[in-house]
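[1] below are the sequence and a predicted model; questions follow.
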Amino acid sequence: MQAPNPEYRAFIEAGFANAPFVSGNAIRLEDCGPGWCASSLVLEAHHTQQNGVAHGGLLATIADHTAGGAAATLLAPGSYALTAELKVSMLRAAKGEKLECRAQVIKPGRTLSFVEAEVYAIEGGRRELVAKASATMAVIAGK
């Protein structure tokens with residue numbers, strides 16, 4: 001895949017830094033390239049449910065924003081991606097020190113892009129798949 005915007009990296013970095021809900025939950029960009037994006041967060045007590053596992057909304061958020069970042073790597077300058085549809089399957093309880101997410105564009109498009117994301121929990125050096133997401137991203141053309 002080819003990135004039509006040579007400044008896509010700066011655009012994705014800004015998208016993570018300037019989204020208050022994302023940065024407020026300490027979700028950070030790890031890396032990105034044309035058609036993919038990776039993020040992570042250190043799990044803290046305020047990220048968990050009453051039983052000590054990561055809240056499902058947190059898993060959905062990291063998957064959603066990382067999927068949007070992946071879609072955005074393939075957009076023309078001035079355009080952006082918004083979630084049109086998101087499905088998240090929680091595969092097991094997420095607990096540990098850290099969450100990692102990687103999203104990959106499956107089908108880029110002029111008006112809609114389809115992206116898949118996987119969320120992993122890291123505990124004691126062990127990496128375990130805890131959620132899978134599929135997202136349809138609406139491409140909003142720049143002016």
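    That came through, no problem. Numbers count the residues shown, from 1 in each chain.
[2] for the host helix or strand of Ile12, what is the distance to the chain centroid?
    Following DSSP states H and E, one finds Ile12 within helix 8-17. Relative to its parent chain, helix 8-17 has a centroid offset of 12 Å by C-alpha atoms, centre = their mean, to the nearest Å.
[3] what of stretch 133-143?
    Computed by C-alpha atoms, centre = their mean, the chain-centroid distance of stretch 133-143 equals 13 Å.
[4] what sits up against that stretch?
    60, 63-64, 67-68, 71, 75-89, 103, 109-119 (C-beta atoms under 8 Å, 6 or more residues apart in numbering). (C-beta placed from N, C-alpha, C; glycine too.)
[5] pLDDT weak spots in the protein?
    Applying pLDDT under 70 to the chain flags residues 143.
[6] in the lengthiest strand in it, what's buried?
    Ranked by number of residues, the top strand in the chain under DSSP state E is strand 126-140. Neighbour-count burial for strand 126-140 flags 130-137, 139 (criterion: 16 or more other C-beta atoms under 10 Å).
[7] who are the packing partners of the helix ranked longest in the chain?
    The helix that spans the most residues within the chain, counting by DSSP state H, is helix 56-72. Counting contacts by 3 or more C-beta pairs under 8 Å, 6 or more residues apart in numbering; DSSP states H and E, helix 56-72 is packed against helix 8-17, helix 20-24, strand 28-33, strand 36-42, strand 80-90, strand 98-107, strand 112-123, strand 126-140.
[8] what number of residues lie near the residue nearest to Ala38 when sequence neighbours are not counted?
    Leaving aside its chain neighbours, Ala38 sits nearest to Glu30 (4.3 Å; criterion: C-beta to C-beta, 6 or more residues apart in numbering). Counted with other C-beta atoms under 10 Å, residues neighbouring Glu30 total 13.
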